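S.K.: Predicted model and sequence follow; I will ask about them next.
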Amino acid sequence: MTDGVFTIFLVDDDSSVLKALSRLLRARGYEVQPFTSPHAFLMGHDASISGCAVFDVSMPGLDGLELQQALTAGGSQRPVIFLTGKGDIPTSVRAMRAGAIDFLTKPVNDDSLLAAIARAEKADTAIRSANAELDSIKARFAVLTPREREVMTHIIAGRLNKQIAGDLGTVEKTVKVHRGRVMEKMGVRSVAELVRLAEKAGISAHSGP
C-alpha cells in the first residue's frame, strides 16, 4: 500500500446497501469506492490500488460471479468477498473455488464482514509482495546479455562449467566469467538461490543435449 489506506470497492445495485456499508467501513478507517453497477465498477476500477472488492451476487447485467471472472480475465488479482440475499450453497461453492475470500448472506453481520475484509487485506498484501518480488526478478533477468541468459539456463539445469562449455562450443574459462556475472546480476550467491528465482519467474532450465 502506497498510502497505507486499504480501499474497499463496493458493487451493489441497491443504493441503500451501498450507503449503509460505506458508512460502516469509512467509520472503521477504510477508503470506500461504491458502484451501483458492474459496468461502472469495471470502468472505474484501478487495479494498482491496494484493497478488496465486495460484490453483490444478484445484479442486472453481470452477476457477482461473472464480474469476478471479468476482473480476473483483465489480469487483476483483487481479493473478492460476495454478498447474497439468498443462502445459495452451489453458488457459494463456485465463488470459493474461484478464489473468493468469503460468501456472506444479507443482511450481513458487521463483524463477519469486517473479519472477511481483514482476511482480504492479508491476501492483498501477500499478492502484492509476491508480484513485487516477481517484478524484481524479471528486472534483474532483463539486464543479462543473451549469452548470460543462455549460460543461466544451463546452470539451473545443474550442468558443470565444463559441460556448459562443451554445449556452447566455448572454453571453460569463458563460462566461469559468464557464470560469475549471472550470479552477480541476479543477486545470488548459490545455484540453489538462482534455481529458486528462476522457478518463480518461470525461467526454464536447459534440457541438455
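M.R.: It's in. Numbers count the residues shown, from 1 in each chain.
S.K.: I'd like the next helix or strand past the lowest-mean-pLDDT helix or strand in the chain.
M.R.: Ranked by mean pLDDT, DSSP states H and E, the weakest helix or strand in the chain is helix 89-97, scoring a mean of 72. Sequence order places strand 102-105 as the next helix or strand after helix 89-97, per DSSP states H and E.
S.K.: same for that following strand, what does it pack against?
M.R.: Counting contacts by 3 or more CB pairs under 8 Å, 6 or more residues apart in numbering; DSSP states H and E, strand 102-105 packs against strand 80-84, helix 89-97, helix 110-142. Just so you know, the C-beta spots here come from the backbone N, C-alpha and C atoms, and that holds for glycine as well.
S.K.: hmm, who's touching it?
M.R.: The contact list for strand 102-105, computed with CB atoms under 8 Å, 6 or more residues apart in numbering, reads 81-87, 91-92, 95-96, 112-113, 116, 119.
S.K.: what's the average pLDDT for it?
M.R.: Averaging pLDDT along strand 102-105 yields 90.
S.K.: what's the distance between it and the middle of its chain?
M.R.: The chain centre lies 22 Å from the centre of strand 102-105; the measure is CA atoms, centre = their mean, to the nearest Å.
S.K.: neighbour-wise, which of the contacts of strand 102-105 leads?
M.R.: Counting neighbours by other CB atoms under 10 Å, Phe82 comes out on top of those with 28 neighbours.
S.K.: does it really touch Arg94, like I thought?
M.R.: No: Phe82 lies out of contact with Arg94 (CB atoms under 8 Å); the separation is 9.9 Å.
S.K.: Excluding chain neighbours, what is closest to the residue lying farthest from the centre of the chain?
M.R.: Computed with CA atoms, centre = their mean, the residue of the chain farthest from its C-alpha average is Val171, at 42.3 Å. Excluding its sequence neighbours, the residue lying closest to Val171 (CB to CB, 6 or more residues apart in numbering) is Ala165, at 5.7 Å.
S.K.: just checking, the one you found touches His178?
M.R.: No: using CB under 8 Å, Ala165 makes no contact with His178, being 9.9 Å away.
S.K.: The closest residue to Ile127 other than its chain neighbours: what secondary structure?
M.R.: Spatial nearest neighbour of Ile127, chain neighbours left out: Gln77 (4.9 Å); criterion: CB to CB, 6+ apart. Using DSSP: H, G, I helix; E, B strand; the rest coil, the structure places Gln77 in coil.
S.K.: any idea how far Gly64 is from the closest residue to Gly61 other than its chain neighbours?
M.R.: Spatially, and ignoring its direct neighbours in sequence, Gly61 is nearest to Pro38 (5.5 Å; CB to CB, 6+ apart). Between Pro38 and Gly64 the distance is 8 Å, computed by CB to CB, to the nearest Å.
S.K.: shared neighbours of those two, anything?
M.R.: Common neighbours of Pro38 and Gly64 (CB under 8 Å, 6+ apart) are Val11.
S.K.: between the two, which one's more packed in?
M.R.: The neighbour comparison of Pro38 against Gly64 (other CB under 10 Å) goes to Gly64, with 26 against 23.
S.K.: quick one: that one and Ser58 touch, right?
M.R.: Yes: using CB under 8 Å, Gly64 is in contact with Ser58, at 7.4 Å.
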